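J.: coordinates for the following, if possible.
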Amino acid sequence: MKDKLLIDSEFLSICEQIQNENLDLEGWSLLESSDQFQIDDFCGGFDATEEEFCFSYYDENRIEYWFQFPLTDIDKFVSGEIKEIEIKKAE
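T.: Numbers count the residues shown, from 1 in each chain. Purely as a prediction, here's the structure:
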């Protein structure tokens, strides 16, 4: 089952950090880290195999969900073009 997560200020702060790095896919692949970004409810980073950012999200009951997205979505999150993202309960 997939749920939706509304993009909030906490997630947007991660997106802004990613934007500020100003790296392309190759650059992110060199910095690959599964936990580069850690803020309250989110933990994740860039996965070179997937060529996407992969994150865990923890809800108010500390239930873990997973989601991932391409670098090309960062600007869309920040601009508000994308307002939510699909998440799935961690297995």
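J.: mind listing the strands for the chain?
T.: Applying DSSP state E to the chain gives strands spanning 2-6, 37-39, 42-47, 52-58, 64-69, 84-89.
J.: centre of the chain to the last one, how far?
T.: The gap between where strand 84-89 is centred and where its chain is centred comes out at 11 Å by CA atoms, centre = their mean, to the nearest Å.
J.: ditto for the fifth one
T.: Relative to its parent chain, strand 64-69 has a centroid offset of 7 Å by CA atoms, centre = their mean.
J.: hey, what's the angle from that strand to strand 2-6? Just curious.
T.: 80 degrees (axes from the mean of the first three to the mean of the last three CA atoms, to 10 degrees).
J.: and for the fourth one?
T.: Per the same axes, to 10 degrees, the angle that strand 52-58 makes with strand 2-6 is 90 degrees.
J.: quick check: phi and psi on residue 82?
T.: phi -110, psi 120 (degrees, to the nearest 10).
J.: return the distance of the closest residue to it other than its chain neighbours relative to residue 70.
T.: Excluding the flanking residues, the one nearest residue 82 by CB to CB, 6 or more residues apart in numbering is residue 76, at 4.3 Å. Yep, even glycine has a C-beta here, placed from its N, CA and C like the rest. Applying CB to CB, to the nearest Å, the value for residue 76 to residue 70 is 10 Å.
J.: cool, and residue 22?
T.: Distance from residue 22 to residue 70, by CB to CB: 16 Å.
J.: is residue 90 in contact with residue 64, as I believe?
T.: Yes - here residue 90 reaches residue 64: they are 3.9 Å apart, a contact under CB atoms under 8 Å.
J.: what's the overlap in contacts for those two?
T.: Residues touching both residue 90 and residue 64 by CB atoms under 8 Å, 6 or more residues apart in numbering: residue 56.
J.: list the residues that contact the closest residue to residue 83 other than its chain neighbours.
T.: Among residues not flanking residue 83 along the chain, residue 7 sits closest, at 5.6 Å (CB to CB, 6+ apart). Counting by CB under 8 Å, 6+ apart, residue 7 makes contact with 77, 82, 83, 84, 85.
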